[in-house]
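J.: the following block contains a protein sequence and its predicted model.
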Amino acid sequence: MHEPVRLHGEAAPPSWGLPDPSRVDPGVLGALLARHGWRRRGGEGGPYSRWTPPGGTTSLLVPRTRTFPDSEDLLGEALTALARSAAPSAREILVALTVPSDEIRWRREVPEAAAGAADWLGAEQLHSAARQILLAGALAARGPAGYHGARRRSRALAALGPVLTGPGPGGRSLTAFVPVDPGRPVAVRLHHALHATREAVDYQRATGGLEAFDNAVAAGVSRELTEALVALVRGSEGAAIALDWAPAAGTPAGCPARPEPVEFSPGDLPALRRAGARYLRDEPAVTVRITGAVVRLRRSGPRGAGIVRLRVLAGAEVPHVRIELDEEAYRIAGQAHLVGLPVRVEGRLESRGGFRRLTGASQVVPVQVDDEERDRLMKSLQENVDIFEEACAGE
C-alpha cells in the first residue's frame, strides 16, 4: 500500500506575521474579499471602498490603488483587522495574500442523520480523499497514464510539499492552497482532469461504454483519480470540487477565468469503479534500462536463481524494483553489492504490483563509479538500511 500523502496542517498566517502592506496589491485584496462573499459598500468610483463580511458588522477600508498617500497605512490597518476578524474567510484571505495560491475547495453533502459523526469521521474521510485527489493531479502533471502505480510518486509528493489546507466547520468542507510557484501545473492539470472525468462518467451513464475514459487519460484522468473520487463520494449524498485561480497570477492559458465546480454523486460510483479497474488492467508494461544500487539479495539455497531488490538511481521514476535473476546474473549483482557498485539491467517494468517488478531481466552489469560516488552510495545504503528492510519485508 502506498504511504499517505502528507500535507501541511491548517493554515495560520498570523503566526508567520502579516503580509507586508507595501507588497499587497489592493486589487488582489478586493478580488479575494469578493470571492469569499464580503460585500462592497458605497460606490465603486471613489478612492476607497468599504467591505463587510457575510453576516458581520465589522468592516475594512481598502484603497482602490496604491497612488494615494495613505494607501499603505490603510492596507496595514485592513490586514490587522483581518487577522483579528472572527469571519471564517479572513484566515483564508490572509493565506492567499501571504503566498499567492490557487484555491481548491471540496465539499461533501452528508445526510443529516450522520451529522454528528461528520465532525470527525467525515472530516478524516474528506481530508484523505482530498490528499489523494491532489496526488492524482501531481502525478498527471508529471505525465499522463491510466495507472501510475509507484512511478513518479516521489516527485509528485515533493510538488505537494508547500500545499496548505484549511478545514471548514463540521467536517464537510476543505480548502487547499496550492502555491502558484511551483504548484500551478498541478492545479491546471487537476482542473482539466476533473472536467474530463465528469464528461466520461456522463458518457458511460448514457451509453454504457467506457471509451471516453480512454480519451480522458490525455487530460490527466487515471485510476488514482477515479479511486480518490470514489473515496470522496462514498457515504455521502454527493460532493463538489471548485477551483479559483490566484488573482495575483491571473488565469492560466487554456482555462476559464471562473471554472465551474465539478460535482459527483453516488450514482457515479459504478462508472468510476469500472473505469479504475479498466485503467489497472490495460496499462502496459514499460521497457526500461535501470541503474540501481542492490539493497537486498535472497534465494532459497547456495546456488540457483534468486530475487534482488534495487534502489533505482536512474532509468525509471520508481524508488525500488524487485527482479528475479538467473544464477549468473544473481552472482554479478551480489559481487556488485559487496564492492559498493550499482548495476545496470534491462527488462520490462510490469504494471502488476504498481510498477515495482522488473521481468525479463537481461544485460546485468556493474556500473563503474568514482571513489567519491561509491562512498556516497555506501553511506546512503547504510543510513537507509532500516527503511529498505521494512519495505522488503512487506513483499
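T.: Okay, I see it. All figures in this text were calculated on a predicted structure; none of them were measured in a lab.
J.: would you map the strands across the stretch 1-150 of the chain?
T.: Using DSSP state E, counting those that start in this stretch, the strands found in the stretch 1-150 of the chain span residues 39-41, 48-52, 60-63, 101-109.
J.: let me fix that: the stretch 201-350 of the chain
T.: 238-244, 262-264, 286-298, 306-314, 320-325, 343-350.
J.: would you give the sheet partners of the fifth one, along with the direction of each?
T.: Read that as strand 320-325. Strand 320-325 has the following strand partners under DSSP bridges: strand 306-314 (antiparallel), strand 357-366 (parallel).
J.: likewise for the third one?
T.: Using DSSP bridges, the neighbouring strands of strand 286-298 in the sheet come out as strand 306-314 (antiparallel), strand 343-350 (antiparallel).
J.: one more: the second one?
T.: Partners of strand 262-264 in the sheet, by DSSP bridges, are strand 238-244 (antiparallel).
J.: what's the mean pLDDT across the strand it pairs with?
T.: On average, the pLDDT along strand 238-244 is 97.
J.: hmm, who's touching it?
T.: 35, 102-109, 133, 187, 190-191, 194, 229, 232-233, 258-259, 261-266 (CB atoms under 8 Å, 6 or more residues apart in numbering). All C-beta spots, glycine's among them, are computed from the backbone N, C-alpha and C.
J.: can you give me the angle it makes with strand 101-109?
T.: 170 degrees (axes from the mean of the first three to the mean of the last three CA atoms, to 10 degrees).
J.: identify each buried residue in strand 238-244, please.
T.: By neighbour count with 16 or more other CB atoms under 10 Å, strand 238-244 contains the buried residues 238-244.
J.: go through the residues you listed and name the one nearest Gly76.
T.: Asp244 (25.4 Å; CB to CB).
J.: any idea what the closest one is bridged to?
T.: When assigned by DSSP bridges, Asp244 has beta-bridge partners Glu103.
J.: that one and Arg105, how far apart?
T.: To Arg105, Asp244 is 8 Å away according to CB to CB, to the nearest Å.
J.: can you add mean pLDDT and distance to Glu327 and give the strands paired with strand 320-325 back as CSV?
T.: CSV is the format used below for the strands paired with strand 320-325 (pLDDT from 0 to 100; distance: least, CB to CB, whole Å):
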stretch, mean pLDDT, distance to Glu327
strand 306-314, 95, 8
strand 357-366, 95, 11
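J.: returning to what we had before: will you turn the strands of the stretch 201-350 of the chain into TSV that also has distance to Glu124?
T.: As requested, the strands of the stretch 201-350 of the chain are exported to TSV (distance: least, CB to CB, whole Å):
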stretch	distance to Glu124
strand 238-244	15
strand 262-264	19
strand 286-298	34
strand 306-314	33
strand 320-325	29
strand 343-350	33
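J.: nearest to Thr57, of those?
T.: Of all the strands of the stretch 201-350 of the chain, strand 238-244 sits nearest to Thr57, with 26.3 Å by CB to CB.
J.: re earlier: any chance of a ChimeraX selection covering the buried ones in the contacts of strand 238-244?
T.: ChimeraX command restricting the contacts of strand 238-244 to the buried ones, with burial defined by 16+ other CB under 10 Å:
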select :35,102,103,104,105,106,107,108,133,187,190,191,194,229,232,233,259,262,264
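J.: quick one: average confidence on stretch 335-355?
T.: 93.
J.: end-to-end on that stretch?
T.: For stretch 335-355, the first-to-last residue distance is 26 Å (CA to CA, to the nearest Å).
J.: ok, now stretch 205-216?
T.: Separation of the first and last residues of stretch 205-216 by CA to CA is 16 Å.
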